[in-house]
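Q: pasting the structure only:
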């Protein structure tokens, strides 16, 4: 039996997708956004490959032939998993592929913010150094990484990988997770004691806006907040206010609440020396994307062979 496979947002993955090892018909589209496009392109498909295409209940109900949604990412909040389960659609995701790329991005943001690299580089291009009366100037505070405390929220594989790197840099590492583990601290301790806080939790109703005005007010005034997980974890208005009034020292975000921010976003639009926003690329080293692409095909092949893997439960 020939399986019809459709990749709805191929341009979101800059890697080679190898040929599947079973009879198939493969179609790919650079991007797909509207519900009408999704239904039209998947109406005859058994297998959908997606990264960030929203697969909501009203769409899934119009796709009776669909058997597998293979998500080319770890997060699956774009899929209505309850509806998929009700229709007998399996949902799979990608796991343990970003073990280098995300931790390295976190560490890069931490260095850039703690050492004010971006604002100093901009000031040099602006001509400030030319006008200085001394060989250097101190317009932006610089803080050492060594001897500081890193608070990790979400102590899974990524959190632990970041923790090892931080310890190698001479940092004290403390961690919080909803799942009990030896050596964890509570969330309040993370907020109170950390010089840098990095978030590594999924976006759920329980974690939405888990960092808001109250939480920001409990952080050190020099603290840095890093988010490479999901934009909805942080109240963006509260964060911008905290950055402007000095409640915290800075923020490095690779995610925002709505992606892409077609109608603008207050963090993307802000011109602040203590804020860095990157376009959801922490996961996207060339090496990591190829691991992801290979695992995506592995997931599909395992499903067709009757041995589904990396299945996400509703």
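A: The structure has been received and is ready for your questions. From a predicted model like this one, the values you see are computed outputs, not experimental measurements.
Q: what residue is smack in the middle of the protein?
A: residue 229 (3.3 Å; Cα atoms, centre = their mean).
Q: if I pick it, what's in contact with it?
A: Residue 229 makes contacts with 154, 199-203, 255, as judged by Cβ atoms under 8 Å, 6 or more residues apart in numbering. (Each C-beta comes from the backbone N, C-alpha and C, glycine too.)
Q: again, 7 Å this time
A: 199-201, 255 (Cβ atoms under 7 Å, 6 or more residues apart in numbering).
Q: how about the strands of this protein, start to end?
A: Counting by DSSP state E, the chain has these strands, from start to end: 3-7, 24-28, 47-50, 68-71, 90-92, 149-153, 172-176, 196-199, 224-227, 250-253, 275-277.
Q: can I get those strands in CSV with mean pLDDT and distance to residue 233?
A: Converted to CSV, these look like this (pLDDT from 0 to 100; distance: least, Cβ to Cβ, whole Å):
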stretch, mean pLDDT, distance to residue 233
strand 3-7, 98, 28
strand 24-28, 98, 31
strand 47-50, 98, 22
strand 68-71, 98, 19
strand 90-92, 98, 22
strand 149-153, 98, 9
strand 172-176, 98, 13
strand 196-199, 98, 5
strand 224-227, 98, 6
strand 250-253, 98, 10
strand 275-277, 98, 15
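Q: Pipe these into a markdown table and attach distance to residue 209 and mean neighbour count per row.
A: Converted to a markdown table, these look like this (distance: least, Cβ to Cβ, whole Å; neighbours: other Cβ atoms under 10 Å):
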| stretch | distance to residue 209 | mean neighbour count |
| --- | --- | --- |
| strand 3-7 | 33 | 21 |
| strand 24-28 | 36 | 15 |
| strand 47-50 | 26 | 25 |
| strand 68-71 | 24 | 24 |
| strand 90-92 | 25 | 21 |
| strand 149-153 | 13 | 24 |
| strand 172-176 | 17 | 20 |
| strand 196-199 | 12 | 27 |
| strand 224-227 | 12 | 27 |
| strand 250-253 | 14 | 27 |
| strand 275-277 | 18 | 21 |
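Q: I'd like those written out as JSON lines, with distance to residue 188 added.
A: Converted to JSON lines, these look like this (distance: least, Cβ to Cβ, whole Å):
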{"stretch": "strand 3-7", "distance to residue 188": "44"}
{"stretch": "strand 24-28", "distance to residue 188": "47"}
{"stretch": "strand 47-50", "distance to residue 188": "38"}
{"stretch": "strand 68-71", "distance to residue 188": "34"}
{"stretch": "strand 90-92", "distance to residue 188": "35"}
{"stretch": "strand 149-153", "distance to residue 188": "11"}
{"stretch": "strand 172-176", "distance to residue 188": "9"}
{"stretch": "strand 196-199", "distance to residue 188": "12"}
{"stretch": "strand 224-227", "distance to residue 188": "16"}
{"stretch": "strand 250-253", "distance to residue 188": "20"}
{"stretch": "strand 275-277", "distance to residue 188": "25"}
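Q: Which one, of the ones you listed, ends up nearest to residue 40?
A: Nearest to residue 40 among the strands of the chain is strand 3-7 (10.4 Å), distances taken as Cβ to Cβ.
Q: Can you tell me the strand partners of that closest one and which way each runs?
A: strand 24-28 (parallel), strand 47-50 (parallel) (DSSP bridges).
Q: In stretch 226-238, which residues are buried?
A: By 16 or more other Cβ atoms under 10 Å, the buried positions in stretch 226-238 come out as 226-236, 238.
Q: biggest separation within the residues you listed, which pair?
A: Top of the distance list for these (Cβ to Cβ): 228 and 238, 19.0 Å.
Q: residues touching residue 311, list them.
A: Applying Cβ under 7 Å, 6+ apart, the residues contacting residue 311 are 90-92.
Q: which residues sit against stretch 221-228?
A: 102, 105-106, 109-110, 113-114, 143, 194-199, 211, 233-234, 246-255, 282.
Q: my bad, should have said stretch 152-168
A: Contacts for stretch 152-168 (Cβ under 7 Å, 6+ apart): 96, 98-99, 102-103, 106-107, 150, 173, 175-177, 181, 184, 190, 197-201.
Q: Who are the contact partners of residue 18?
A: 294, 297.
Q: Per-residue pLDDT of it, please?
A: pLDDT for residue 18: 97.
Q: Just put the strands paired with strand 3-7 in JSON lines and tack on distance to residue 139.
A: Converted to JSON lines, the strands paired with strand 3-7 look like this (distance: least, Cβ to Cβ, whole Å):
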{"stretch": "strand 24-28", "distance to residue 139": "49"}
{"stretch": "strand 47-50", "distance to residue 139": "45"}
